[in-house]
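Novice: With the sequence up front, the predicted model follows.
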Amino acid sequence: MSTTPVIDVDRLTLTYDGFPAVKDLSFQVEPGELYALLGTNGAGKTSTLETVEGHRTPTSGAVRVFGKDPRDRAAVRPRMGIMLQESGFSPDLTVRETVRMVGRLTERTDDVGRVLGVVDLTRKAGTKVGQLSGGEKRRLDFATAVYGTPELVFLDEPTTGLDIQSRDALWDAVDRLREDGSTVVLTTHYLEEAQQRADRIGLMHQGVFHREGTVAELTRTLPATIHFGLPAHAPAPPLLASRGTDGQYLVETFGLQKDLHTLLGWAQDHAVELRDLQAGPTRLDDVFRAIEHS
C-alpha cells in the first residue's frame, strides 16, 4: 500500500466576507484509514470538507487528494465517492436509474444489482426515489457513494435516520470497503460511532484543530471519573473528592485503576456501602464538551 497521504491539507485558510471560517489548518489522511473529522457548530468542518471534495477554492494554502488538486475532477472524481447529508436526487427517477446514473457520472463500473443488495434495496429497485422513506433514501445515498468501490469515500452523517439494523448493515459494508483498501472520511454527530470506529480523529473548533489523534490519545487528555454515594455517618473517603448538591461524590483521576482499588479497599475495611458506584474512563463526548466550553 502506498505511503503517500490520500488527503494532504497544508495551511488551509477559507475566508468569507473577511471572516476566517478555517484558519491555517493542516492534516493528512493515510491510505486505508478511517478518519473522523468532527467539530462544534460553526467549526469550519463543512467548509473544509467541501474544499477537500473539490467544491470550494482555498483562500490560501493547498489541498491535495491522491497528490492532485481536488478541483481536477477528471483525475480525482472517479476515485472518490461522496455521501452527502442530503443528496437531492430526482424524485421521479427509480432507485435503479439513480444508481446507474451516478455510476456513469463517476465513471466507475459496477453491477447495479450488487450495489442495491449491499444496502438492502433490491426490492425497491423499481420504486421512484420520491416514494422512499427517509431511511431508504439514506441507504440509496450510501449506495451511490460506494458504487464501484472508490478508493476514497466521504460519509457525511451516514446513519442519520437509519434504524439499528440498517445502521449495522451500513457499517458492515464500510468494513468490507476498508478490507478492499478504501480510505474513509467520516463526519457524524453520533460520537460513539467515531469512538468505536475511527483510527484517528480531528476535532475542530472555531476554524482550527483543537485536538487530533487516536481515541486513546484524545481521551487521555482528561481525567477518568468515579461517582459514588455514602451513608450519612460514613467516614470521609480516602480520595480527594468533591461533593455535589445531590450528595454524590466525584473523584477525577488519571490513575483510575489505582484509585478505584483504594476506594474499594477502604469501603471493605470500614464496612461502608458505596451507593450507585460508577467508574470509567473519559469518553469522546467528554472531550467534545471540554472543547465547547474552552
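Specialist: In hand now; what should we look at?
Novice: CA atoms for contacts and neighbours, from now on please.
Specialist: Will do.
Novice: Identify all contacting residues around stretch 147-163.
Specialist: 6, 78-85, 99, 103, 108-110, 112, 115, 134-135, 138, 142, 145-146, 167, 170, 177, 181-189 (Cα atoms under 8 Å, 6 or more residues apart in numbering).
Novice: pLDDT score assigned to the residue nearest to Arg108 when sequence neighbours are not counted?
Specialist: Among residues not flanking Arg108 along the chain, Gly148 sits closest, at 5.2 Å (Cα to Cα, 6 or more residues apart in numbering). The model reports Gly148 with a pLDDT of 92.
Novice: Could you measure from Gly148 over to Gly244?
Specialist: According to Cα to Cα, to the nearest Å, Gly148 stands 55 Å off from Gly244.
Novice: Same drill for the two, tell me which one is more crowded.
Specialist: Gly148 (21 against 9; other Cα atoms under 10 Å).
Novice: For the stretch 151-294 of the chain, just list every one of the strands.
Specialist: Secondary structure of the stretch 151-294 of the chain, counting by DSSP state E, counting those that start in this stretch: strands at 152-156, 183-187, 200-205, 208-213, 224-229, 242-243, 249-253, 275-280.
Novice: Among the ones you listed, single out whichever gets nearest to Lys128.
Specialist: strand 152-156 (23.4 Å; Cα to Cα).
Novice: Wait, Tyr35 touches Leu203, no?
Specialist: No. Tyr35 lies out of contact with Leu203 (Cα atoms under 8 Å); the separation is 10.9 Å.
Novice: Show me which of these two is the more surrounded one.
Specialist: Tyr35 (24 against 21).
Novice: how far away is the closest residue to Ser87 other than its chain neighbours from Val6?
Specialist: Excluding the flanking residues, the one nearest Ser87 by Cα to Cα, 6+ apart is Asp141, at 6.4 Å. Distance, Asp141 to Val6, by Cα to Cα: 23 Å.
Novice: So if I had to pick from these two, which one is more boxed in?
Specialist: Comparing Asp141 with Val6 by neighbour count (other Cα under 10 Å), the higher total belongs to Asp141, at 24 against 20.
Novice: Quick check: that one is in a helix.
Specialist: Yes. According to DSSP: H, G, I helix; E, B strand; the rest coil, Asp141 belongs to a helix.
Novice: buried stuff in stretch 41-54?
Specialist: Buried residues in stretch 41-54, defined by neighbour count with 16 or more other Cα atoms under 10 Å: Ala43, Gly44, Lys45, Thr46, Ser47, Thr48, Leu49, Thr51, Val52, Glu53, Gly54.
Novice: Residues contacting it, please?
Specialist: Residues contacting stretch 41-54 (Cα under 8 Å, 6+ apart): 7, 9, 14, 21-22, 37-39, 56-58, 63-65, 69-73, 204-208.
Novice: residue boundaries of the helices in the stretch 51-200 of the chain?
Specialist: 73-76, 95-106, 112-118, 134-146, 164-179, 191-197 (DSSP state H, counting those that start in this stretch).
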